[in-house]
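Engineer: Got a predicted structure here, sequence first:
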There are 2 protein chains.
Amino acid sequence: MEKTVKRVIGIDVGGTNLRGALVTQDGRILKRMKIPSEAHRGIDAVVDNLVNLITTIDEGNMPSGVGFGIPGIIDSRNGVITQAPNISNVHDYPIREMLSKKLDGDTRIVIENDANCAAVGEWWMGAGRDVDSLIMLTLGTGVGGGVILDGKLWRGADGMGGEIGHMTIYPDGPRCNCGNFGCLETYSSATAVRRMVDEALADDTIETTLEKEVLEVEPGHIPEVVMKAAIAGDEVSKNIWEKFGTALGIGMASCVNILNVEMIVIGGGVSQAWEMFIDAARKELTARGLRAPSERVKVMQSVLGDDEGIIGASYLALHEGY
Amino acid sequence: MEKTVKRVIGIDVGGTNLRGALVTQDGRILKRMKIPSEAHRGIDAVVDNLVNLITTIDEGNMPSGVGFGIPGIIDSRNGVITQAPNISNVHDYPIREMLSKKLDGDTRIVIENDANCAAVGEWWMGAGRDVDSLIMLTLGTGVGGGVILDGKLWRGADGMGGEIGHMTIYPDGPRCNCGNFGCLETYSSATAVRRMVDEALADDTIETTLEKEVLEVEPGHIPEVVMKAAIAGDEVSKNIWEKFGTALGIGMASCVNILNVEMIVIGGGVSQAWEMFIDAARKELTARGLRAPSERVKVMQSVLGDDEGIIGASYLALHEGY
């Protein structure tokens, strides 16, 4: 019998699309598939679509495992989605159990928070492939985080480890979705960029080339507009990125002082604006980090981009089934 | 031959005294010894005194290992004291090598930062004996920290992990000894209490029962004076403890969001003022921590007190020799 390479499926469960890939045990993507998630129809529709993706991507062959990266609060040990803002009406949903019923009983099913999957992906096949410890930050609508220590995802006692987006940067800062004030997420996310644009436009004494229409752009695309304006010389836009990077750097310095990791990887859609914020971020890291840890840590842009969650979920399906 | 219980020596290397104990493999202290460290005479004198303590505490019997808890920047892997503010002229001193020459070559020698030893001690035999993950904070002249994850001390890439005292709480706060501004240490330490007293006394418009003489008290004893004044009703003193606890709580919330540990243990001399600051700290923890991690985490006063470093160093000598 020919020796076959073990293969699993990694799936990024987005609010709009399910993006899946067939991945080998050495991290190669053999095939991709993208279908609508129909999350607005609720979790049953999402599960049906997931089953469809899983059963068709390898022409009917069942994989040894499937890993899911899901935005939200995930109880990975029990295979339960505690909360997922992008899927209608999901609360304490036992997705592993529901999927097991519909799939081959031998298929290992692993679910994990999407930012944790991104961290694992970058560590396994991306920017962090040569290090044992890293912190991943995904800058998007919010700020996701994941922590790899000693070559393992640190989940914490409730699977809630790595919520770096909710560390306090400025105790008297703006209110965050989480209820706290001045979280990293309130300065270094697309939502934060939108808020800062809004504040600037509301003040008639401030001159800027940004226009009110910016606020009608889909939130995820606002950073791009503000990036272009900054490049064209708009001071307000430059200042927004300065604040964005400064908060990010303060957060990175505290993380490095606490964990002395080898690397920080920055991904997510807003990381495309890298050149806009990275100098301010590095400046704070150097000024605020203890010498050895801040000199040691490499700050890198993510390498796998949109694939990092899929690759990370695949790794977990291969190695960390509960 | 009678089966003997394995025994090691744990030593707390203070600037004034060396406090050692003979400790069994199950964490019992059999015998204690305290001698002057003579740190002002430099590291050679300290080493001579350490050898004296080690060779006499068990009536000449050599232990299987010796663990040292040392305040400062410790390269535990290489057995080198990188920096130790309390010992004259120490810089990159290979203490393990120097001690090995003077002791039996079979004796395992482990050195570690004192707050890391405290964390290990509380996890092994103290407040954290039933948990797998905890954060230790030692509130003294400065704020030391240690992180236990999955039943292991997290040292980080350079042995600098756990420097929680140097996470930024208020980015525009006072300058810290480390060069950063607004570190936890600048709000929640004896030095911070002294600074806040100083600021209050310098302002003639502020009424307080504290007197200028307070500033001449040895820094480590100032918190006691301010505690008594607060209990007697002095508003300035109460306010100092409120600020102390608030900063501590902001730091705890960020730590809990990042690491989702089961417990935070608070020790060190200033933790004696527990009742003064713990309510403000818990309030911030609840307000700023994500729900599951902040409800989960137990915040405890240290149990072992002055012994925590000795017990932790003993554990490392038993289990983690490099």
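Structural biologist: Okay, I see it. All values derive from a computational prediction rather than experimental measurement.
Engineer: can you give me the helices in chain A?
Structural biologist: With helices called from DSSP state H, chain A shows them at A:43-57, A:95-102, A:114-125, A:190-202, A:222-231, A:235-259, A:274-288, A:291-296, A:308-319.
Engineer: Would you mark the buried spots in stretch A:123-136?
Structural biologist: Residues A:123-128, A:131, A:133-136 are the ones in stretch A:123-136 that count as buried (16 or more other CB atoms under 10 Å in any protein chain shown). No exception for glycine: its C-beta is placed from N, CA and C like everyone else's.
Engineer: residues from the stretch 101-250 of chain A in reach of chain B?
Structural biologist: A:132-133, A:145, A:147, A:149, A:154-164, A:166-171, A:178-181, A:250 (CB under 8 Å from any CB of the partner chain).
Engineer: Torsion angles phi and psi at the nearest residue to A:L149 once chain neighbours are set aside?
Structural biologist: With CB to CB, 6 or more residues apart in numbering or on different chains as the criterion, A:L149 has its nearest non-adjacent residue at 5.1 Å, and that residue is A:S133. Dihedral angles of A:S133 (phi, psi; degrees, to the nearest 10) stand at phi -140, psi 130.
Engineer: contacting residues for A:G268?
Structural biologist: Taking CB atoms under 8 Å, 6 or more residues apart in numbering or on different chains, we find A:G268 in contact with A:118, A:137-140, A:143-144, A:302.
Engineer: rerun that using 6 Å as the cut-off
Structural biologist: Going by CB atoms under 6 Å, 6 or more residues apart in numbering or on different chains, A:G268 touches A:138-140.
Engineer: Could you do A:D26 as well?
Structural biologist: Residues near A:D26 by CB under 6 Å, 6+ apart: none.
Engineer: Next, it: phi, psi?
Structural biologist: phi -100, psi 20.
Engineer: Flag the shaky bits of the stretch 201-322 of chain A, pLDDT-wise.
Structural biologist: Residues of the stretch 201-322 of chain A meeting the criterion pLDDT under 70: A:321-322.
Engineer: Where does it get nearest to chain B, which residue?
Structural biologist: Going by CB to the nearest CB, chain B is nearest to A:N260 of the stretch 201-322 of chain A, at 2.4 Å.
Engineer: neighbours of that residue, just the number please.
Structural biologist: By the criterion of other CB atoms under 10 Å in any protein chain shown, A:N260 has 26 neighbours.
Engineer: so what's it closest to, chain neighbours aside?
Structural biologist: B:G156 (2.4 Å).
Engineer: What residue spans form the domains of chain A?
Structural biologist: A:7-119+A:307-319, A:129-302 (automatic domain parsing).
Engineer: Any idea which of these gets closest to B:L210?
Structural biologist: Among the domains of chain A, domain A:129-302 comes nearest to B:L210, with 25.9 Å by CB to CB.
Engineer: Can you give me the first-to-last residue distance of the closest one?
Structural biologist: 11 Å (CA to CA, to the nearest Å).
Engineer: now stretch A:177-193
Structural biologist: Separation of the first and last residues of stretch A:177-193 by CA to CA is 15 Å.
Engineer: again, but for stretch A:165-178
Structural biologist: Start to finish, the residues bounding stretch A:165-178 are 10 Å apart (CA to CA).
Engineer: So which residues make contact with it?
Structural biologist: With contacts defined as CB under 6 Å, 6+ apart, stretch A:165-178 is touched by A:142-143, A:145, A:181-186, A:247, A:250-251, B:250, B:254, B:257-258, B:288, B:290.
Engineer: Just give me how far it sits from the chain centre.
Structural biologist: Stretch A:165-178 has its C-alpha centroid displaced from the chain centroid by 18 Å (CA atoms, centre = their mean, to the nearest Å).
Engineer: Which positions in it come out as buried?
Structural biologist: Under 16+ other CB under 10 Å, the buried positions of stretch A:165-178 are A:165-171, A:173-174, A:176, A:178.
Engineer: Just the ones in strands from the contacts of A:G268, please.
Structural biologist: Per DSSP state E, strands hold the following members of the contacts of A:G268: A:138-139.
Engineer: From the contacts of A:G268, which one has the minimum pLDDT?
Structural biologist: Lowest pLDDT of those: A:G140, 94.
Engineer: thought it was touching A:G267?
Structural biologist: No: applying CB atoms under 6 Å as the test, A:G140 and A:G267 come out as separate, 8.9 Å apart.
Engineer: out of the two, which sits in the busier spot?
Structural biologist: More neighbours surround A:G267 than the other of A:G140 and A:G267, with 30 against 22 (other CB under 10 Å).
Engineer: What is the neighbour count of the closest residue to that one other than its chain neighbours?
Structural biologist: Leaving out its chain neighbours, the residue that sits closest to A:G267 by CB to CB, 6+ apart is A:S302, at 3.1 Å. A:S302 has 25 neighbouring residues, counting by other CB under 10 Å.
Engineer: Got the phi and psi for A:S302?
Structural biologist: In terms of degrees, to the nearest 10, the main-chain angles of A:S302 are phi -60, psi 150.
Engineer: want to try a markdown table for the buried residues of stretch A:123-136, with pLDDT as columns?
Structural biologist: Shown next, in a markdown table, are these (pLDDT from 0 to 100):
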| residue | pLDDT |
| --- | --- |
| A:W123 | 98 |
| A:W124 | 98 |
| A:M125 | 98 |
| A:G126 | 98 |
| A:A127 | 98 |
| A:G128 | 98 |
| A:V131 | 98 |
| A:S133 | 98 |
| A:L134 | 98 |
| A:I135 | 98 |
| A:M136 | 98 |
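Engineer: from these, which single one is nearest chain B?
Structural biologist: Taking CB to the nearest CB as the measure, chain B sits nearest to A:S133 out of the buried residues of stretch A:123-136, at 6.2 Å.
Engineer: residue contacts, the closest one?
Structural biologist: Counting by CB under 6 Å, 6+ apart, A:S133 touches A:149, A:261-262.
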